[in-house]
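Participant: take this sequence and fold it.
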Amino acid sequence: MSETLRSYRRNAVHVRQALELLTKESGQMHVEGGYLQDAGLVERYKRLSIPVRRALNANDRASFAQALAALTAMPAGSRPAIDAIERDWSALQHELDSLVGLGGSKVPRRQILAGWLDAAAFYDTLDRDHAYDQLIDQWGKAAEAIGAQLTEQAARVILLLDEAAAAALDEPVILPPPPKTPPPPPDPKPSLWQRLKNFKIWGSGDLEN
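Facilitator: So this is what the prediction gives:
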């Protein structure tokens, strides 16, 4: 149980940092095709999409589902309050299952979010990934706005569960930075210069004899 929660928390650190950074940034707006567009939307969501994508993948070690199951399995007396988290998670799932009209058809928001997370996570400003092209070709620029909104909504539920995991592990919500990697030990072999100094080549008595 503890290892599952720790894996989840290590990923949630990146969710918290990316979400905080995202709220401090503002996009540069421009008009495209008669609509006001955010020029750097995908780049700004790239950092957040990667850990959110992991948390929403039930097979990932840092998945929301596995961490929630670990907390639910705890004895009632020692389990942190998770009722509100379960309600928010269920509300998110209900919204993801709801349909929205895009590209001439009704599409589950879950499908749009999955496509958006792939597009943002693997987006390359020098060579756009095919996932982004497919997203726009299939559903248009509106998929960006929907995907961004759902990503932030999922991120906030992820952080609520992280707070409960911190309580279960008796850890601070904001984890301290990892310790710096210690420097490597000195090379046990003497340097070439040291070997030359040790070798009596500078008029030693041994050579004279």
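
Participant: where in this protein is pLDDT low?
Facilitator: Along the chain, segments meeting pLDDT under 70 span 26-39, 125-129, 178-209.

Participant: distance of the spatially most central residue of the chain from Asn57?
Facilitator: Centroid-nearest residue in the chain, with Cα atoms, centre = their mean: Pro51, separated by 1.9 Å. Pro51 sits 11 Å away from Asn57, going by Cβ to Cβ, to the nearest Å. (C-beta placed from N, C-alpha, C; glycine too.)

Participant: what secondary structure does Val100 sit in?
Facilitator: Local secondary structure at Val100 is given as strand here, using DSSP: H, G, I helix; E, B strand; the rest coil.

Participant: so what's the residue count around it?
Facilitator: Around Val100 there are 16 other residues, counting by other Cβ atoms under 10 Å.

Participant: show me what the longest helix that the chain contains is packed up against.
Facilitator: Criterion DSSP state H: the longest helix present in the chain is helix 142-169. Under the contact criterion of 3 or more Cβ pairs under 8 Å, 6 or more residues apart in numbering; DSSP states H and E, helix 142-169 touches helix 2-24, helix 41-56, helix 64-72, helix 83-97, strand 99-102, helix 109-121, helix 130-139.

Participant: mind checking which of the ones you listed is nearest Ala165?
Facilitator: helix 2-24 (4.4 Å; Cβ to Cβ).

Participant: dump stretch 134-142 to CSV, keeping only the CA atoms.
Facilitator: Presented in CSV, the C-alpha positions along stretch 134-142 are these (Å, rounded to 0.1, in the frame of the first residue of the first chain):
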residue,chain,number,x,y,z
GLN,A,134,-4.9,14.2,-35.9
LEU,A,135,-6.6,16.0,-33.0
ILE,A,136,-7.1,19.2,-34.9
ASP,A,137,-8.0,17.4,-38.2
GLN,A,138,-10.7,15.3,-36.5
TRP,A,139,-12.3,17.8,-34.0
GLY,A,140,-10.9,21.2,-34.8
LYS,A,141,-9.4,23.8,-32.5
ALA,A,142,-12.3,23.5,-30.1
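
Participant: check the offset of it from the chain's centre.
Facilitator: Offset of stretch 134-142 from its chain centre (Cα atoms, centre = their mean, to the nearest Å): 24 Å.

Participant: before we move on, what about stretch 156-170?
Facilitator: For stretch 156-170, the distance to the chain centre is 15 Å (Cα atoms, centre = their mean).

Participant: touching that stretch from outside, list them.
Facilitator: The contact list for stretch 156-170 (Cβ atoms under 8 Å, 6 or more residues apart in numbering) reads 2, 5-6, 8-9, 12, 15-16, 19, 51-52, 55, 64, 67-68, 71, 74, 78-82, 84-85, 88-89, 92, 172-173.

Participant: are any of those buried, and which?
Facilitator: Neighbour counting with 16 or more other Cβ atoms under 10 Å marks 5-6, 8-9, 12, 15-16, 19, 51-52, 55, 64, 67-68, 71, 82, 85, 89, 92 as buried within the contacts of stretch 156-170.

Participant: so Ala142 sits against Leu102, correct?
Facilitator: Yes - with contacts counted by Cβ atoms under 8 Å, Ala142 reaches Leu102, the gap being 6.0 Å.

Participant: any buried residues in stretch 121-140, and which?
Facilitator: Here stretch 121-140 shows Ala121, Phe122, Tyr123, Asp129, Ala131, Tyr132, Leu135, Ile136, Trp139 as buried, counting by 16+ other Cβ under 10 Å.
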